[in-house]
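1. The following block contains a protein sequence and its predicted model.
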Amino acid sequence: MAEIIELDIERIAQGGDGVGRLGELVVFVAGALPGERVRAIIKERHSRFLRATVSEIIHASPDRVAPIVSPGDHVPWQHIAYPAQVCYKTAIVAEQINKFLPSVDVPVQPVIAAPQPWGYRNSARLHADGAALGYHAAGAKTVVDLTDDPLLLPALRAALAGLRQLPFAGLVEGVTLRASATYGYAAARLEPLPTADRRALARLAAAWMAATPVLAGVTLGDEPLVGTEAIYDELGGVVFRLSLGSFFQVNHAQAERMVEVVRAALAPRGGRLLDAYSGVGSFALPLAAGYDEVVAVEAYHPAVHDGRQSAVDNHITNVQFIAGVAERVVSQLPGPFHAAILDPPRRGCHPALIEAIIAHQPERIAYISCHPGLIGRDLAPLLTAGYHLTLVQPIDLFPQTPHIETIVVLCR
């Protein structure tokens, strides 16, 4: 028999669960909000905490709203009114900073809210299982069939609707969609099943293009099938070429705000800028005009190709893209650097990269984190080396989810 408990929810945790107490035990309750009293089903027992899910809401928070997507594992915060989501995210970042960097006395700025809480995503990776097409269920490999996704830009919703009309079952195991927020069109990348016939895939791509006017191209992996193999979008005054596998921030309006925050914080005034984990150059190219030289380091070769091509297309001549693993490349680069940008993947920075940054001694560092729980780990060595925090600015790139982007600025 499932064990059901009743408790009050006091706050919200990193990761998005409500937090309450059962005696001496901390209880993390998925789907619960601060201020609520709930009944919850225990899912996991540990020595110091429990994990549970809401079974009944006894007293609801005024911040609770009706969900609009069902099932909605990919929008786990859709039951929270958007202004409350922003407040919760500010509190989470502040808690994580205070927990892991207790001696730092820099106030966390309020989260920069997204202008569009829905309809903002410019990319999506969908999975296919037979005739089912959608995202994986939370904590499982089961594909949840998705007829529509209001998180997506209109061009991607049209592309999804077009594909669902066609016989893709038995041909693909995944599909990546990417849209240009600036120009309003989309392109797609098919991940074929090992048994799929290439001619059948080509027919599928052609039929999809014919049924979807906003779809400009379909690739098979990195190989073009029909139409364009890349899209173009603008960010920070730069037109970017984007291969379908290259990383680009999913929320275009908020990516613009990120560029603005980083530019203002670094206050470019010549010298050299290092951009580690640079991707296609989302920061390197828009900020290039403020520096004598920019060195952008990225491990994913197609992204490096995109960045170099975008530099040529925009007549930017002072950015050098280096293909390689950041912690290996940066330690070998000649100094000095006057400023550095660190925009690592979710796992954070490699310790060797932090050591290399300390050795280069840039005057200012902009560190961008998509995992508040790792900010303290990555920044502690920099603080020990004599840097101090001047700005902690969360920004909401992912409304309807607990994910948080944070820009941290340090000065030497």
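-> It's in.

2. how close does the nearest residue to Val111 once chain neighbours are set aside get to Leu190?
-> With CB to CB, 6 or more residues apart in numbering as the criterion, Val111 has its nearest non-adjacent residue at 4.3 Å, and that residue is Pro394. Bear in mind the C-beta positions are built from the backbone N, C-alpha and C, glycine included. Using CB to CB, to the nearest Å, Pro394 is found at 36 Å from Leu190.

3. List of residues touching stretch 144-156?
-> With CB atoms under 8 Å, 6 or more residues apart in numbering as the test, stretch 144-156 has contacts from 68-69, 71, 73-75, 118-124, 126, 131-137, 157, 160-161, 164, 177-181, 184-186, 214, 400.

4. what is the mean pLDDT for that stretch?
-> The predicted model assigns stretch 144-156 a mean pLDDT of 95.

5. what do you get for stretch 317-334?
-> Stretch 317-334 comes out at a mean pLDDT of 95.

6. what's the answer for stretch 84-94, then?
-> 95.

7. How about stretch 122-139?
-> 92.

8. Can you get me the start-to-end distance on that stretch?
-> 24 Å (CA to CA, to the nearest Å).

9. how close does the residue nearest to Pro224 when sequence neighbours are not counted sit to Glu229?
-> Spatially, and ignoring its direct neighbours in sequence, Pro224 is nearest to Gly217 (6.9 Å; CB to CB, 6+ apart). The gap separating Gly217 from Glu229 is 6 Å, by CB to CB.

10. still on that earlier bit, so between Pro394 and Leu190, which is more surrounded?
-> Leu190 (26 against 23; other CB atoms under 10 Å).

11. for the helix or strand containing that one, packing partners?
-> Assigned by DSSP states H and E, Leu190 belongs to strand 186-192. Applying 3 or more CB pairs under 8 Å, 6 or more residues apart in numbering; DSSP states H and E, one finds that strand 186-192 contacts helix 154-164, strand 172-179, helix 198-211, strand 215-220, strand 230-235.

12. which SS state does Lys346 fall under?
-> Heads up, residue 346 is Arg, not Lys. coil (DSSP: H, G, I helix; E, B strand; the rest coil).

13. ugh, wrong one, Ile9
-> strand.

14. What score does it have for pLDDT?
-> Listed pLDDT for Ile9 reads 97.

15. Mind pulling the model confidence for the residue lying closest to it once chain neighbours are set aside?
-> Spatial nearest neighbour of Ile9, excluding adjacent residues (CB to CB, 6+ apart): Gly18 at 4.0 Å. Looking at Gly18, its pLDDT is 95.

16. What of the one 5 residues further on?
-> pLDDT recorded at Gly23 is 90.

17. From the contact counts, what lies against the longest helix that the chain contains?
-> Using DSSP state H to define each element, the chain has its longest helix at helix 82-100. Using 3+ CB pairs under 8 Å, 6+ apart as the contact test, the elements touching helix 82-100 are strand 4-12, helix 375-384, strand 388-395.
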